[in-house]
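Student: coordinates for the following, if possible.
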Amino acid sequence: MIHSKIKLAFLRAQGFQGKRNPQQQGFMLLEVLVGTLLTLIFIGVSMQAIVVSMSIKVRAQELSESSNWIQEDFETVRQTANTAAALGYNSETGQYTVDASRCSATSAGAGYASLLQNSIAAISNPKLSELGQRRYTLTRNFTIKNTAPYNVLQVSYGVYRDEDTSFTKPIAKFYAEVIPGASFFCK
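Tutor: Numbering: from 1, shown residues only. Below you'll find the model as predicted:
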């Protein structure tokens, strides 16, 4: 017992208080600094995750709007390919008048694809995004497939930001081949 009292007196002389009084209980400075540091690290990581998710959301919305613009324009091209009077379609009867020379064309300019290309004006439409009122350009390019009877029109689309004046980094691209309706009635 005497030995433990000497030990306790020695510890008190060194600054050991034993059990803390309720008024002395609390956090040490080191604990506060570590807690603050952990909180700051968590906030930093959380903010970075929020910024990345917003960037992905903006990109997804740009892609969605671009795809919708392309789809709308491509539907116009398809409608023209199937119902254009210049291609021999009679809207009253719903029948085609087939041009035999176009059915057996020997050059790209003589086939139905050329006729369809001339029926659809080439475009470079500015579009206004719902996302922050940004401006974009929708482009459509035609190529006639280089095989007789030259009735396949290749259509490629691209949507670009207006600041991309060289049209090198598309937000969305689309490629399709369209066959004019009249060419299906060639014999």
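Student: now the helices for the protein?
Tutor: In the chain, the helices defined using DSSP state H lie at 2-13, 29-83, 100-103, 112-119.
Student: got those helices as JSON lines, with distance to N90, mean neighbour count and mean pLDDT columns?
Tutor: To be clear about C-beta, it is placed using only N, CA and C from the backbone, and glycine gets the same treatment. Formatted as JSON lines, the helices of the chain follow (distance: least, C-beta to C-beta, whole Å; neighbours: other C-beta atoms under 10 Å; pLDDT from 0 to 100):
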{"stretch": "helix 2-13", "distance to N90": "109", "mean neighbour count": "9", "mean pLDDT": "62"}
{"stretch": "helix 29-83", "distance to N90": "10", "mean neighbour count": "12", "mean pLDDT": "92"}
{"stretch": "helix 100-103", "distance to N90": "16", "mean neighbour count": "14", "mean pLDDT": "90"}
{"stretch": "helix 112-119", "distance to N90": "15", "mean neighbour count": "22", "mean pLDDT": "90"}
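Student: nearest to K169, out of the ones you listed?
Tutor: helix 29-83 (11.9 Å; C-beta to C-beta).
Student: just send the helices of the chain back as a markdown table, with distance to F184 too.
Tutor: Below are those laid out as a markdown table (distance: least, C-beta to C-beta, whole Å):
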| stretch | distance to F184 |
| --- | --- |
| helix 2-13 | 101 |
| helix 29-83 | 10 |
| helix 100-103 | 10 |
| helix 112-119 | 10 |
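Student: L138 is nearest to which of these?
Tutor: helix 29-83 (5.2 Å).
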